[in-house]
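1. sequence and predicted structure below; questions after.
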Amino acid sequence: MRRPLIAGNWKMNLDRTTGTALALDVVAGCAGRAGVDVVLCPPFVYLEAVGSTLRGSAIGLGAQDLYHEASGAFTGEVSAAMLLDVGCQWVIIGHSERRQLLGETNGSVLAKVRAALAAERNGHTLTPIVCVGETLAERETGRTQEVIRSQFAESLAELSEGEFARVVLAYEPVWAIGTGRVATPDQAGEVHADLRKQVADRYNAAVASEARILYGGSVKPENAGQLFAQPNIDGALVGGASLKAADFLGIIAATA
Ligand code: 13P
């Protein structure tokens, strides 16, 4: 049985004061709620402050990216070990904004996933949340399945079964991100089902049935329940609606 997961990707938003206040509200709003994993992914510079706010709660701390090298002369970059050092348990990898605006490729995503999986500190490890998704032009030209399959093949399928079992997938259609234009439950469900089939074909049915596949793209409290009713949608990676406690908590509540 797959446990639902709701991750808030704050992107480059909020500041120390508003971020820690939001984290506090999420902690309070989730008190006593079982049966769902909740993760907050603030910008790197606020990881420690938000992590302190989350300490003692069941809410996880995630970063929005990492660099694949362990250490060295890589100005501006942050390693997996550093994320563990500041208390992260999760890391988003291959978000479409990084693929589109910051030169991320399937190859760099794979290197980052490997680095995240290899890191270990005092018994703690990182869980990568790996994003895939097609652009509007790709969907409109009927290439959705082909694009998602090649992203899966090139950024994930080289992992061993044991490595893959530690990964969470996120399907985020680029045309639905920040646009208010959410994929219909059927559109999302179709891609999620095909992704799970890719996992079953590459690994096996047991790994596929355990794999958590999140949907992302204009998820709101109003549409979350319908999305989560799809058999292959195991939660959400939330952008804009994760910046308001009431909206984010409403999405979390929709998993019940
Ligand atoms: P929105 O929820 O703002 O559409 O963003 C989705 C997303 O990119 C989460 O990673």
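-> On my side now, so go ahead.

2. okay, CA-based contacts and neighbour counts for the rest of this
-> OK.

3. what secondary structure does Ala81 sit in?
-> Recorded secondary structure, Ala81: helix (DSSP: H, G, I helix; E, B strand; the rest coil).

4. spit out the contact partners of it.
-> Applying CA atoms under 8 Å, 6 or more residues apart in numbering, we find Ala81 in contact with Ala70, Ala119, Glu120, Arg121.

5. can you redo those as CSV with pLDDT and neighbour count?
-> Below are the contacts of Ala81 laid out as CSV (pLDDT from 0 to 100; neighbours: other CA atoms under 10 Å):
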residue, pLDDT, neighbour count
Ala70, 96, 15
Ala119, 98, 19
Glu120, 97, 14
Arg121, 96, 14
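
6. go through the residues you listed and name the one nearest the ligand.
-> Set against the ligand, the nearest of the contacts of Ala81 by CA to the nearest ligand atom is Ala119 (22.9 Å).

7. how close does that closest one get to His68?
-> 10 Å (CA to CA, to the nearest Å).

8. do the same with Thr125
-> From Thr125 over to His68 (counting by CA to CA), the distance is 15 Å.

9. now the closest residue to Val199 other than its chain neighbours: how far from Arg202?
-> Spatial nearest neighbour of Val199, chain neighbours left out: Ala208 (5.3 Å); criterion: CA to CA, 6 or more residues apart in numbering. Separation of Ala208 from Arg202 (CA to CA): 9 Å.

10. contacts only, for Asp194.
-> Applying CA under 8 Å, 6+ apart, the residues contacting Asp194 are Gln145.

11. the chain should start at 3 in everything you say after this.
-> Renumbered: residue one is now 3, and that last one reads Asp196.

12. give me the buried positions along the strand or helix carrying it.
-> Using DSSP states H and E, Asp196 sits within helix 187-204. Within helix 187-204, the residues that count as buried by 16 or more other CA atoms under 10 Å are 187, 190-191, 193-195, 197-202, 204.

13. so which of those is the closest to the ligand?
-> Nearest member of those to the ligand, counting by CA to the nearest ligand atom, is Ala190, at 13.6 Å.

14. now that closest one: how far from Gln66?
-> On the measure of CA to CA, Ala190 and Gln66 end up 23 Å apart.

15. swap in Arg183?
-> Distance from Arg183 to Gln66, by CA to CA: 23 Å.

16. more neighbours: which of these two?
-> Neighbours were counted for Arg183 and for Gln66 using other CA atoms under 10 Å; Gln66 has more, 22 against 13.

17. test my guess that the more buried one contacts Asn15.
-> No - Gln66 lies out of contact with Asn15 (CA atoms under 8 Å); the separation is 12.0 Å.
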